[in-house]
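Asker: next one to model:
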Amino acid sequence: MRKRRTQAERSETTQQLLMSTGRRLFTELGYEGTSTEALVREAGVTRGALYHHYDGKRALFQAVFEQVEQGIHQQILDAIAAADPSRPYWTVGIEAFLDGCMDPAAQRIVLLDAPSVLGWDTWREIDGGYFLGLVIALMNKGMDSGEFTRQPAEPLAQMLMGALTEAALAIARAPDVTQARAEFGAAAIRLVEGLRAPAQSD
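Answerer: As a prediction, this is how the structure comes out:
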């Protein structure tokens, strides 16, 4: 006899359907091009189910936005953990971040739509929650090892995040994203290279 699903299991399934459908439609059509009717129809749920879980289209968009951000954050951590020890960890981190921003979902949802849909302050707060602490930790690691010149880490991390965000935006808007990824990736690495401490002379 087939076991009946619990209410919690049904609720989780509905939530997952809304998230996956929202991610697909927001990526393909953008926020403005995605109607509430399309979301519930494509997910195969009722309008009431959407409002039960997310209080509407904007709330679902924010949840999807955070899911994409979390995915990029984890991609960076995984890349650094798996990297060849001979490669600078910050090079690996920059490349993983920009590679993550090559995902169409990241380009449309995170970079192009989220600032206007969520508002600049909310977008910055969420983005900083995922990445500022990581960048500060990486900068402190470099300064503790003597690789980078000692300086306050948070202002430096804020500036680096701004530079990388601008690079990701430029890549997302470029007519040739592959070429833009290569050019901006090289420029970002050169920028961080400038933070390296001068070699000590004998």
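
Asker: how many neighbours does Arg190 have?
Answerer: 9 (other CB atoms under 10 Å). Where you see a C-beta, it was placed from the backbone N, CA and C, and this is true even at glycine.

Asker: quickly note the distance from it to Phe26.
Answerer: Between Arg190 and Phe26 the distance is 34 Å, computed by CB to CB, to the nearest Å.

Asker: same question, Gly146
Answerer: Distance from Gly146 to Phe26, by CB to CB: 44 Å.

Asker: try Gln158
Answerer: 28 Å.

Asker: and Leu132, by the same measure?
Answerer: 24 Å.

Asker: who's more crowded, the two?
Answerer: More crowded of Leu132 and Phe26, by other CB under 10 Å: Phe26, with 26 against 17.

Asker: what helix or strand is the residue most central in space within the chain on?
Answerer: In the chain, the C-alpha nearest the mean C-alpha coordinate belongs to Glu69, at 3.1 Å (CA atoms, centre = their mean). For Glu69, the element it lies in under DSSP states H and E is helix 57-82.

Asker: buried sites along that helix?
Answerer: Within helix 57-82, the residues that count as buried by 16 or more other CB atoms under 10 Å are 57, 60-66, 68-69, 71-73, 75-76, 79-80.

Asker: for the nearest residue to Ile171 once chain neighbours are set aside, what are its contacts?
Answerer: The shortest distance from Ile171 to any non-neighbouring residue, by CB to CB, 6 or more residues apart in numbering, is to Ala180 (4.5 Å). Residues counted as contacts of Ala180 (CB atoms under 8 Å, 6 or more residues apart in numbering) are 170-171, 174.

Asker: likewise for Arg24?
Answerer: Per CB under 8 Å, 6+ apart, neighbours of Arg24: Glu42.

Asker: what pLDDT does it get?
Answerer: Here the pLDDT value assigned to Arg24 is 98.

Asker: before we move on, what about Arg4?
Answerer: 65.

Asker: what segments of the chain are strands?
Answerer: Under the criterion DSSP state E, the chain carries no strands.

Asker: pLDDT below threshold where in it?
Answerer: 1-5, 199-202 (pLDDT under 70).

Asker: any idea how far stretch 136-149 is from the chain center?
Answerer: Chain-centre distance of stretch 136-149: 23 Å, with CA atoms, centre = their mean, to the nearest Å.
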